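Enquirer: One predicted model, sequence on top.
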Number of protein chains: 2
Amino acid sequence: MASLSTKTGQVVDRSVLDSMLRRRLFYTPSFEIYGGVSGLYDYGPPGCAVLNNIVDLWRKHFVLEEDMLEVDCTMLTPHEILKTSGHVDKFADWMCKDPKTGEIFRADHLVEEVLEARLKGDKEARGQKVEVDEEKEAKKKKKVKQTKAVKLDDAVVKEYEETLAQIDNFDGPELEKIIAKYDIRNPTTDGNLLPPVAFNLMFQTSIGPSSNMPGYLRPETAQGQFLNFQKLLEFNQQSMPFASASIGKSFRNEISPRAGLLRVREFLMAEIEHFVDPQGGKKHARFEEVKDVKMTLLNRDIQLSGSTKTEEMTIGKAVETGLVDNETLGYFLARIQLFLLKLGVDPKKLRFRQHMANEMAHYATDCWDAELQTSYGWIECVGCADRSAYDLTVHKNKTGAPLVVRETRAEPLKVEEWQIDLDKKKFGPRFKKDGKTVTAAIDALSQELREKLSLDLEQTGKIEVEVEGVAGGKVELDKELIKIEKRTRVENVREYTPNVIEPSFGIGRILYSMIEQVYWSREGDEARGVLSFPPAIAPTKVLIVPLSTHQSFAPLVQRLTTKLRRMGVSNRVDDSSASIGKRYARNDELGTPFGVTVDFQSVKDNTFTLRDRDSTKQVRASEDEIALAIKSLVEGEETWEDVRKRLPEFTGQEVE
Amino acid sequence: MASLSTKTGQVVDRSVLDSMLRRRLFYTPSFEIYGGVSGLYDYGPPGCAVLNNIVDLWRKHFVLEEDMLEVDCTMLTPHEILKTSGHVDKFADWMCKDPKTGEIFRADHLVEEVLEARLKGDKEARGQKVEVDEEKEAKKKKKVKQTKAVKLDDAVVKEYEETLAQIDNFDGPELEKIIAKYDIRNPTTDGNLLPPVAFNLMFQTSIGPSSNMPGYLRPETAQGQFLNFQKLLEFNQQSMPFASASIGKSFRNEISPRAGLLRVREFLMAEIEHFVDPQGGKKHARFEEVKDVKMTLLNRDIQLSGSTKTEEMTIGKAVETGLVDNETLGYFLARIQLFLLKLGVDPKKLRFRQHMANEMAHYATDCWDAELQTSYGWIECVGCADRSAYDLTVHKNKTGAPLVVRETRAEPLKVEEWQIDLDKKKFGPRFKKDGKTVTAAIDALSQELREKLSLDLEQTGKIEVEVEGVAGGKVELDKELIKIEKRTRVENVREYTPNVIEPSFGIGRILYSMIEQVYWSREGDEARGVLSFPPAIAPTKVLIVPLSTHQSFAPLVQRLTTKLRRMGVSNRVDDSSASIGKRYARNDELGTPFGVTVDFQSVKDNTFTLRDRDSTKQVRASEDEIALAIKSLVEGEETWEDVRKRLPEFTGQEVE
């Protein structure tokens, strides 16, 4: 079910891949020599380089390409902001404690784990083939007690399945009922658990020396962008629409993180907040450029019917038929897909899943996740939501800051309305200290009432207006004091709160999922893993391998490495005494796309062999030709096939 | 004293510059619509772009150029690690509380502020010219009471001056004495203060749901690098020396931050940990490349004598004479200087200041700060310390992890030593359960004692060995049981803990100080600020300005912007209705080095003018020539003077 196949059709063995990634220091548990902390990982040199390359590509693909306004806001955030945004009250998961052992479980994960184990036991009892969900398996560090081959009633099976299908939608009281109803206990000890309590996922701290300013580490980069909206609009010379963007760490104090790089407590995000006028259907000026992009979509109706069947559709069609709410949302969905494909994601292992109505925040109009298929199942790597005007509105209401757009109307708006004139000279002496109260009451009169009063005034020469607290609640006004007329008012400025379309990228999740997708192993030798990163993403572009430690190679290696560095091509030398094959095998695991061998022939005639990681084929040419070929391969101007056709193949030595 | 001159000789007016930087959104106080939090700032689009450009250049200049191993470690750090490193106990400032108002002062800053105010009052009373230290002035939000023209005794003046010279060296009890002795009070209310207490500068939090793992936000990126030493060495195929590097945010909960971007609570650091063999004088293989770099050095002896007179010296000379402790430290000092100059730092406003003995951590061998001259005075922007083996040693001792290098000796080491053989067959039955204790005691015998015992054994046939807890503390052994002989042991492997040279960059401080140094304003018009960033650092490289909103310009603008973007040159279009002069003035403030005007001539013959920000001179040429000139200017292949000489000057229209 959650198994993943490599491009060569092998099933990805996650434990083999993980041990390779750790051995090659793509990542490593933080503080491991102190015993480690779950949910915290460090990136080593190759992981860090891939991360930087993804960020670099993201910045080019989104920020530079679309003139977005990149900002860098603080992670430390005072309590009040996150109270307003709703995070203090709602950014929580439900946890159950085992009062005997002190163990803490995330309630929804626990229900999932136990019910799935029971369903598995049921299938075994019925003699059916059991599909293993590796994500769930990985979560079970210890053997779950309930995994016994026990046949369940058909009705119970149905109930369990329905519960699992909706697992993301239950709140604490609902989870409590489910736990009681199905007698869900600590899977290890079979002990009873306390009812679920909400656990806020934000890391709390205190800012300043006097501990009087509680704060949190931000759970997303978005809030800093919203708070600066007014300044960004000003910076953009009041021009709409525009987008801000931010790349930085965010934090979630996960209850019990266990899925490696996919569920961590500190993670790199890249978020875009695209501010758009809610009027006019949220069109996008560049939608035309992407409208023919074919996407794999999983819509909410299909999911509600219990299926995960996807449809192939152009984004143009999806917007046209209303499946995707508007052009701007559609534009970003297509752009997200184009970005992921640049990273080396397999299009067959990418889908866009629409959120179900009860899965979205109440204010969201539409929301889609870009999901990548991994050995853990389909993993949400990018979210793309239409957050409507929610955030700007709550911060505006709280602070009074004008987080709005004021634009001159192309054509002034003409509003027909009943206007009231008061004769101030007579009004003052008449009402004295009550003057203000009466004026305010009159100003507040509705158009409807004004129309009625104008008739009264015309017919009787006077009117009565309700004014709380003055003259027993009713004030009489006559023609001398008041005039009510229908007039045309011209409005030149329109004020509105923009809506926000938010593409939000989990860079660490993308990195890990993408690595699973580019991983495969060489035929016939299980242990020889290869990471087929596209050159732009690979940690190092070229490995330079002198045949041996013979001193005549050193100057050639030095010259090559300097030349490549000047061209901006990152490279590493491996002049260890290991065999060439071993050195290349190591670099296949690091995903280095190209290798240059320096041999005795090189010393004689300054020619070198260039090896392609994926095919292990080699060509041989002069130093300049090899360097230029590398540059053109790395910059994506040529493919290996192009280079192989135009440079002489080298077969003298099989270097796999 | 702390005033700064621009390249055109004007005095930098910090309030004018700051308001320009905020208006142009280089930075802005975080959460300003909520009232802001001191010490927290957001970077807007131009600030963020400069920051990214600095990081990019840093990565090329250090990480890529020297094959450093970049890592990305978590900011969240459990208590135990920072306890071991010494931060929990020592990473603190001293603060005084006013019990009446609740105000909190950083004790050393308070002493400084009050004594300086008194010295200023003294000078006024003596009728001397008062030099204003703007940093101190800026700190005083309210007027300081003590600033009265009161003449002090000569002896008191001397005492105050000596106290100020050593202000960085006092601990809490010393500060308490000074505050009492000089009757230092709350400068605003004149109220008495409570004695100083230590305030740890780390932000505290709690990791996981059960609150049982206290942790902090890291105060530096270094610890993560030390903890991964073993894995990094393995990744580097056991080859020494090597460096790791890390770029990321760190946090310090400053007591009362008031110096803008120079003292903030959350900041971007870039740190290098260069691991080197302590034996052999810490030579550096590439020292030769930098040895002729001339540096401005302020050594510790000069400072001790109360002066700040610097010396010009090549780094080769500085290391040769022992002023800089070793080649590796010297190499990095020179490389730091080369980096800062690339950013546009004025060499005359850069110095390297050596730490005084009592200013360094006790384990440090030598330490230098790269200081940049700003309107706040000389500001430490990069530290470069030799941390010796301290960090690796404390973590190794705490965890038992082998944070050491084991290397095969080129020539095996021959050690003459007294070795002991025990006859195990007889030994076991004789001591039974005490066997282990006795063996351990014998193994622990010093070489000296062994030599003496061997003589005893030869002469008397038996010896006595002290063994705590066995046979009353003394055990007798005879020739049958024990043999002591002088033999030669051959050691093939050498084990050592590397020393660490640590260049540590405060990126935000560098950014702000550098901005002050590249800032100036156009002659005759105070308000027209210019930021003369080098092209590589400028937020945007090119501004494209159509003469008017005439529709015939649009396709040309579109073509230019696409062409430049494809060349990797970031550019922005300003097609607002403001005059060309105004639009260029705006971009001078943003530091955009080049401008292209699109006019009616362009529509006719596809030629454009290219404007240089600093000289406001223009050339005119075809689209291709202009685009290529820009590329070559941005990549540093040509200077403006080169371009101006080879392309026809344009004088048709003065666009300043």
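Expert: Cool, got the structure. Numbering: from 1, shown residues only, chains lettered A, B, ... in the order given.
Enquirer: Please name the residues that touch A:Gly86.
Expert: Residues in contact with A:Gly86 (Cβ atoms under 8 Å, 6 or more residues apart in numbering or on different chains) are A:Val394. Where C-beta positions appear, they are placed from N, C-alpha and C, glycine not excepted.
Enquirer: As a check, name the ranges of all strands in the stretch 1-150 of chain A.
Expert: According to DSSP state E, counting those that start in this stretch, the stretch 1-150 of chain A carries its strands in the segments A:27-29, A:41-43, A:69-70, A:76-78, A:92-97, A:104-106.
Enquirer: What does A:Glu476 show for phi and psi?
Expert: phi -100, psi 140 (degrees, to the nearest 10).
Enquirer: Make JSON lines from the strands of the stretch 1-150 of chain A and add mean neighbour count, mean pLDDT and distance to B:Asn228 to it.
Expert: Shown next, in JSON lines, are the strands of the stretch 1-150 of chain A (neighbours: other Cβ atoms under 10 Å in any protein chain shown; pLDDT from 0 to 100; distance: least, Cβ to Cβ, whole Å):
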{"stretch": "strand A:27-29", "mean neighbour count": "22", "mean pLDDT": "97", "distance to B:Asn228": "7"}
{"stretch": "strand A:41-43", "mean neighbour count": "26", "mean pLDDT": "98", "distance to B:Asn228": "6"}
{"stretch": "strand A:69-70", "mean neighbour count": "26", "mean pLDDT": "97", "distance to B:Asn228": "30"}
{"stretch": "strand A:76-78", "mean neighbour count": "24", "mean pLDDT": "97", "distance to B:Asn228": "26"}
{"stretch": "strand A:92-97", "mean neighbour count": "22", "mean pLDDT": "91", "distance to B:Asn228": "31"}
{"stretch": "strand A:104-106", "mean neighbour count": "22", "mean pLDDT": "90", "distance to B:Asn228": "29"}
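Enquirer: How about the residues of the stretch 1-150 of chain A by chain B?
Expert: By Cβ under 8 Å from any Cβ of the partner chain, the part of the stretch 1-150 of chain A that sits against chain B consists of A:24-25, A:28, A:30-34, A:37-38, A:40-45, A:47-49, A:51-52, A:59, A:64-65, A:67, A:69-78, A:80-81, A:95, A:102, A:104.
Enquirer: And those residues, which of them are buried?
Expert: A:24-25, A:28, A:30-34, A:37-38, A:40-45, A:47-49, A:51-52, A:59, A:67, A:69-78, A:80-81, A:95, A:104 (16 or more other Cβ atoms under 10 Å in any protein chain shown).
Enquirer: Show me those that map onto helices.
Expert: Mapping those onto helices (DSSP state H) picks out A:Pro45, A:Gly47, A:Cys48, A:Ala49, A:Leu51, A:Asn52, A:Glu80, A:Ile81.
Enquirer: Go ahead and confirm the fourth one touches A:Pro539.
Expert: Meaning A:Ala49. Yes - between A:Ala49 and A:Pro539 there is a contact under Cβ atoms under 8 Å: 3.5 Å.
Enquirer: Which helix or strand in chain A has the lowest average pLDDT?
Expert: Every helix and strand in chain A was compared by mean pLDDT, DSSP states H and E; the lowest is helix A:134-139, with a mean of 49.
Enquirer: Show me what secondary structure element comes after that helix.
Expert: Counting by DSSP states H and E, the next helix or strand C-terminal to helix A:134-139 is helix A:154-165.
Enquirer: Can you list the buried residues in that next one?
Expert: Residues A:Val157, A:Glu159, A:Tyr160, A:Thr163 are the ones in helix A:154-165 that count as buried (16+ other Cβ under 10 Å).
Enquirer: what ranges of the stretch 551-656 of chain A fall below the confidence cut-off?
Expert: Flagging of the stretch 551-656 of chain A using pLDDT under 70 yields the residue ranges A:653-656.
Enquirer: Can you name the residue of it nearest to chain B?
Expert: A:Ser576 (5.5 Å; Cβ to the nearest Cβ).
Enquirer: For that residue, give me its contacts.
Expert: If you count contacts by Cβ under 8 Å, 6+ apart, A:Ser576 has them with A:Arg583, B:Gln237.
Enquirer: and it, helix, strand or coil?
Expert: coil (DSSP: H, G, I helix; E, B strand; the rest coil).
Enquirer: and which of the ones in helices among the buried ones among the residues of the stretch 1-150 of chain A next to chain B is nearest A:Leu610?
Expert: Taking Cβ to Cβ as the measure, A:Leu610 lies nearest A:Ala49 of these, at 21.1 Å.
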